[in-house]
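In: predicted model follows, preceded by the sequence.
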Amino acid sequence: MARYGSGFREPPWVMGSPKEVMDWVDASHPPKKGHGKEEYEKKFLKNLNIKFDFDVEKKEIEPPSFISKIFGQKYFEEDFELYETTELILRGLAKAKFKNTAKIIVDGKIIYNHPEIKTDLRDTIEKLNDFSEQIKTGKNLEIDAILADVEKAKAEIKIFKIHSDKQHSVEIQINVKIKKEIYYTFLNYIKENIGLKEG
């Protein structure tokens, strides 16, 4: 309600009931949108399935199986070093606050498996040379890394030196929510140190 013909609402202590007091508070100080749970949820990414390719040369190779030939699948070998790429991926995970390297698999063979060690990621990087021969001669590698943040998140990271035309250089699966900043810290590190293909 306004007096003196002005269009401004006057405070209720000039005139009015308790209901008018609350109406005036709401009209004068409307609640800000985008706060609370909705704003909180915007800070997270859920059920990530990330795929990207390195900006490197690749050559078409013979499909590894008869079935691949029948279905007309094309296969490529990419020109990057698996050992150096693995080290950079691990360093990117460490920068993004992952702590535990649960497992490393090369060409289907487990070469490191310690999910019970909670803070071994940096130590794994330092001791990666112990597995250098298996990794350097490998074609595909998988890292399972664990992040204990809002929820316990397991990242499954697959690096393909040889892959079909339906796969990518790197494929990452994270089934629970993680903070956006963690994802972007990791991705920016990879972009700066390896280089990703645009588009």
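Out: Ah, there it is.
In: every contact and neighbour count from this point should use C-alpha atoms.
Out: Fine.
In: first-to-last residue distance for stretch 125-144?
Out: For stretch 125-144, the separation between the terminal residues is 14 Å (Cα to Cα, to the nearest Å).
In: state the mean pLDDT of it.
Out: Mean per-residue pLDDT for stretch 125-144: 93.
In: in what helix or strand does F76 lie?
Out: strand 75-78 (DSSP states H and E).
In: how far does that strand sit from the chain's center?
Out: The chain centre lies 25 Å from the centre of strand 75-78; the measure is Cα atoms, centre = their mean, to the nearest Å.
In: show me what that strand packs onto, helices and strands only.
Out: strand 58-61, strand 162-164 (3 or more Cα pairs under 8 Å, 6 or more residues apart in numbering; DSSP states H and E).
In: the shortest one - which strands sit beside it in the sheet, and in what orientation?
Out: So that's strand 162-164. Strand 162-164 has its sheet partners listed here by DSSP bridges as strand 75-78 (antiparallel).
In: give me the neighbour count for the closest residue to E57 other than its chain neighbours.
Out: Closest residue to E57 apart from its sequence neighbours, by Cα to Cα, 6 or more residues apart in numbering: D79 at 5.4 Å. Other residues near D79 number 14, with proximity taken as other Cα atoms under 10 Å.
In: phi, psi of D79?
Out: Phi and psi for D79, reported as degrees, to the nearest 10, are phi -90, psi 70.
In: if I look at it, how far off is S169?
Out: Counting by Cα to Cα - D79 and S169 are separated by 11 Å.
In: okay if I get the helices and strands packed on strand 75-78 as CSV plus distance to I143?
Out: Output for the helices and strands packed on strand 75-78, formatted as CSV (distance: least, Cα to Cα, whole Å):
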stretch, distance to I143
strand 58-61, 23
strand 162-164, 16
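In: turn the ones you listed into CSV, including distance to G72 and mean neighbour count.
Out: What follows is these, written out as CSV (distance: least, Cα to Cα, whole Å; neighbours: other Cα atoms under 10 Å):
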stretch, distance to G72, mean neighbour count
strand 58-61, 13, 13
strand 162-164, 10, 20
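In: how about the ones you listed, which one is nearest K177?
Out: K177 lies closest, by Cα to Cα, to one member of these: strand 162-164, at 28.2 Å.
In: got a list of contacts for the closest one?
Out: The contact list for strand 162-164 (Cα atoms under 8 Å, 6 or more residues apart in numbering) reads 73-78, 139-140, 169.
In: how about low-confidence regions in this protein?
Out: Low-confidence segments of the chain, defined by pLDDT under 70: 1-38, 40-41, 71, 150, 198-199.
In: let's see it at 80
Out: 1-42, 64-72, 149-151, 195-199 (pLDDT under 80).
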